[in-house]
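>>> Fold the following, please.
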Amino acid sequence: MESLSKRRLVIVSGRAHRELAESIANQLGVELAEPNLREFANGEIHCRFDASIRGSDVFIIQTHCSPVNDTLMEQLIMIDAAKRASAKRITAVCPNYGYARQDRKSMGREPITAKLVADMLQVAGADRVLSVDFHSGQIQGFFDVPVDHLVAAPVLEDYLKLHTNPHELVVVAPDAGRVKVAERYSQHLGCDLALVHKTRPRGTANVAEARHIVGDVEGRHCVLIDDMIDTAGTIVAACDLLKAHGASEIWVMATHAVFSPPAVERLQNAPVSRVIVTDTLPLNAERRFEKLEILSVAPIVANAIAAIFDDMSVSDIFGGENLS
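Below is the predicted model:
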């Protein structure tokens, strides 16, 4: 008996950010498969795919947003359902990777939850993982399956090229950990680079003190670039310091707009002209404000999914600059 197998692409979305998943599916020209997610009376999640996915290349899209534990568990259950439905390959697409900030032990008796999440995704049945702008590149090493680390830089850089003058622009790293990323932006845009030196009081969370500026920002258009804005304490402290050092205009850019309270209030009152973020996380009306602009990462994620499905290189999409 002779048979010719036909490869089939299946895109599935959780309930965390269906709008982004639909945009990705539209870019790929496919319809979202229906996982029929629902809860039992006690809150346990149930999933059952509408149609057969046997032998399919399945991409399960779920960003880890608030409530993080629920959205993460929902993705794990969808992965398990796909595995037991005989999917040929399962890719966990996590536009925002949950628990990423706990990627090392900074004090005794602490967990490394970024590794824990990696273990759970693999045990559930994920054959590879795709995410956008990990909090730190070392998270890739927590996996024993292929990891495709995408960066939002092309989307953000295109925006800056369209709306700024590189001769007046200074890309600012909000802390030492983002210097490498900020330097890459400055090289691509042909502009200057500066650094905010900050300290974080030992044993605290969501508290940061901006102390010094390294670089010339007086009279310049400064753009702070970070991977995440949570409560906005770090970024607003950096903005205040830039303003005190004579910056003429300040913009803030970030991939993941977590916007936990009181982030919106802080950003509205900060000396910032624009806050530019991507749509890796859903933003309801309460977390939107006049200064905010949202750019889509759907084309980047869709291109990566297409490359994976066709067994092509994902890093070539970014010129090899997505690996750290």
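>>> How far does stretch 120-136 stretch from one end to the other?
19 Å (C-alpha to C-alpha, to the nearest Å).
>>> Off-centre distance for it?
A distance of 12 Å separates the centroid of the chain from that of stretch 120-136, by C-alpha atoms, centre = their mean, to the nearest Å.
>>> Of all the residues in it, which ones are buried?
Judged by neighbour count (16 or more other C-beta atoms under 10 Å), stretch 120-136 contains these buried residues: 120-122, 124-135. Every C-beta, even on glycine, is put in place using the N, C-alpha and C of the backbone.
>>> can you check stretch 6-21 too?
For stretch 6-21, by 16+ other C-beta under 10 Å, it's 8-14, 16-17, 20-21.
>>> For Pro259, give me phi and psi.
One correction, residue 259 is Phe, not Pro. Torsion angles at Phe259 (phi, psi; degrees, to the nearest 10) stand at phi 50, psi 50.
>>> how deep is it tucked in, by neighbour count?
Per other C-beta atoms under 10 Å, the neighbour tally for Phe259 reads 27.
>>> Model confidence for the closest residue to it other than its chain neighbours, exactly?
Spatial nearest neighbour of Phe259, chain neighbours left out: Arg287 (4.6 Å); criterion: C-beta to C-beta, 6 or more residues apart in numbering. Per-residue confidence (pLDDT) for Arg287: 95.
>>> didn't Arg287 look like it was pressed against Ser260?
No - Arg287 is not in contact with Ser260 according to C-beta atoms under 8 Å; the separation is 9.4 Å.
>>> The helix or strand of the chain with the lowest mean pLDDT: what's the following helix or strand?
Sorting the helices and strands of the chain by mean pLDDT, DSSP states H and E puts strand 209-214 at the bottom, at a mean of 77. The helix or strand immediately downstream of strand 209-214 is strand 221-229, counting by DSSP states H and E.
>>> quick one: the strands in the stretch 201-324 of the chain?
With strands called from DSSP state E, counting those that start in this stretch, the stretch 201-324 of the chain shows them at 209-214, 221-229, 249-257, 274-278, 292-295.
>>> Output the below-cut-off pLDDT ranges for the stretch 201-324 of the chain.
201-210, 323-324 (pLDDT under 70).
>>> Which single one of the buried residues of stretch 120-136 is nearest to Lys83?
Nearest to Lys83, judged by C-beta to C-beta, of these is Gly125 at 3.3 Å.
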